[in-house]
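[1] return atomic coordinates for the entry below.
(one chain, ligands or ions: 1)
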Amino acid sequence: MAAPLPAPMPQHVAIIMDGNGRWAKQRGRPRTFGHAEGVEALRRTVEAAGDLGVRFLTVFGFSTENWRRPAEEVNALFDLLRLYVARDLDKLAKEGVRVRVIGERHGLQPDIAGIIEDAESRTAHNDKLNLTIAFNYGGQDEITRAARMLAQEAVAGRIAPKDISPEMFEAHLDTAGLPPPDLLVRTSGESRLSNFMLWQSAYAELAFMDVLWPDFDRAALEEAIAFYSRRERRYGGHGA
Ligand code: FPP
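    Now for the predicted structure:
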């Protein structure tokens, strides 16, 4: 008897890490405590993704809409990015993780922009796991910036509007060079995309999980991958 075919693995997993606030509230603690625990869940997930053979992992760390939260919470999220990079970059670099950050850089504090550039350049040669952190990121903002770049190129006469194709558009997104996500996970039971990877998720399988992000672990990632492996992807066709 032929051996069973291996279940398909998602090459690219994208995660909306939701539920930090509720997790903290359940424990009578401030929301920022939930975010700090969220970083621990991120550490576990990066490790598990590498072990399981996921090649691309993209996580939503701070959205363009998160600026509406109280300043104290916004500052805490920026501090967590600083802390995560300061504590983990050496290990990530050593373990073959390539770090990228997508989102609007303009307007970020200069030290954050520097930290991001340093993390990207120090890991640029790695390719075991590609970790992309969406920070000050919004899908509509990303698409608008790409449209603006193309409009500027057209006005300058470098391209003709009729030559703009989905491929050319994609090459102007923050994710240029990354494959689209195969599996998009959102934790905490919400079933919304919340402006995350709107263009890129066109054919992603969507997994909405009840677990709150700080409780996410290897078993939860395995569960999401198992869900993906059971799906039959058609990309707009009707299948065999
Ligand atoms: C959503 O939970 C989560 C966020 C807005 C931020 C996600 C950030 C982390 C996991 C830690 C930071 C990591 C980096 C690398 C910056 P929520 O606050 O909306 O939770 P709620 O819906 O329960 O209120």
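[2] neighbours around the closest residue in space to G189 that isn't next to it in sequence, how many?
    Distances taken as C-beta to C-beta, 6 or more residues apart in numbering put D210 closest to G189, at 4.8 Å, once the chain neighbours are dropped. Using the backbone N, CA and C atoms, a C-beta is placed for each residue, glycine as well. Counted with other C-beta atoms under 10 Å, residues neighbouring D210 total 11.
[3] where does D210 land in three-state SS?
    The three-state assignment at D210 reads coil, by DSSP: H, G, I helix; E, B strand; the rest coil.
[4] residues contacting it?
    Applying C-beta atoms under 8 Å, 6 or more residues apart in numbering to D210 gives the contacts 187-189.
[5] give me the phi and psi for P180.
    When read as degrees, to the nearest 10, the backbone of P180 gives phi -70, psi 150.
[6] surely it meets S201?
    Yes. With contact defined as C-beta atoms under 8 Å, P180 reaches S201; the gap is 7.1 Å.
[7] mean confidence for the helix ranked longest in the chain?
    The residue-count maximum for a helix in the chain (DSSP state H) belongs to helix 71-94. Averaging pLDDT along helix 71-94 gives 97.
[8] tabulate the contacts of D210 (a markdown table), appending pLDDT.
    Output for these, formatted as a markdown table (pLDDT from 0 to 100):
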| residue | pLDDT |
| --- | --- |
| T187 | 98 |
| S188 | 98 |
| G189 | 97 |
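[9] ok, so of those, who is nearest R233?
    Among these, T187 lies closest to R233 (C-beta to C-beta), at 22.3 Å.
[10] quick one: the residue nearest to the closest one when sequence neighbours are not counted from W67, how far?
    In space, T187 comes closest to W213 once its chain neighbours are excluded; the distance is 4.7 Å by C-beta to C-beta, 6+ apart. Separation of W213 from W67 (C-beta to C-beta, to the nearest Å) stands at 20 Å.
[11] and for R145?
    Distance, R145 to W67, using C-beta to C-beta: 17 Å.
[12] residue ranges with poor pLDDT in the chain?
    Applying pLDDT under 70 to the chain flags residues 1-6, 239-240.
[13] which parts of the chain are strands?
    12-16, 56-63, 97-102, 129-137, 183-186, 205-208 (DSSP state E).
[14] format these as CSV; extra columns: distance to G34 and mean neighbour count.
    What follows is the strands of the chain, written out as CSV (distance: least, C-beta to C-beta, whole Å; neighbours: other C-beta atoms under 10 Å):
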stretch, distance to G34, mean neighbour count
strand 12-16, 15, 25
strand 56-63, 14, 23
strand 97-102, 22, 22
strand 129-137, 18, 23
strand 183-186, 16, 25
strand 205-208, 19, 18
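[15] residues touching the closest residue to L212 other than its chain neighbours, list them.
    Leaving aside its sequence neighbours, L212 sits nearest to G19 (C-beta to C-beta, 6+ apart; 3.4 Å). Listed by C-beta under 8 Å, 6+ apart, the contact partners of G19 are 34, 187-189, 211-214.
[16] could you redo the last one with a cut-off of 7 Å?
    By C-beta atoms under 7 Å, 6 or more residues apart in numbering, the contact set of G19 is 187-188, 212-213.
[17] got the residues of the protein near the ligand?
    When proximity is defined by C-beta under 6 Å from any ligand atom, the chain lies next to the ligand at 17-22, 31, 35, 38-39, 42, 61-62, 66, 77, 80-81, 84, 133, 188, 213.
[18] list the contacts for L77?
    35, 62, 66.
[19] just name the closest of those residues to M197, please.
    F62 (14.4 Å).
[20] I am finished for the moment; much appreciated.
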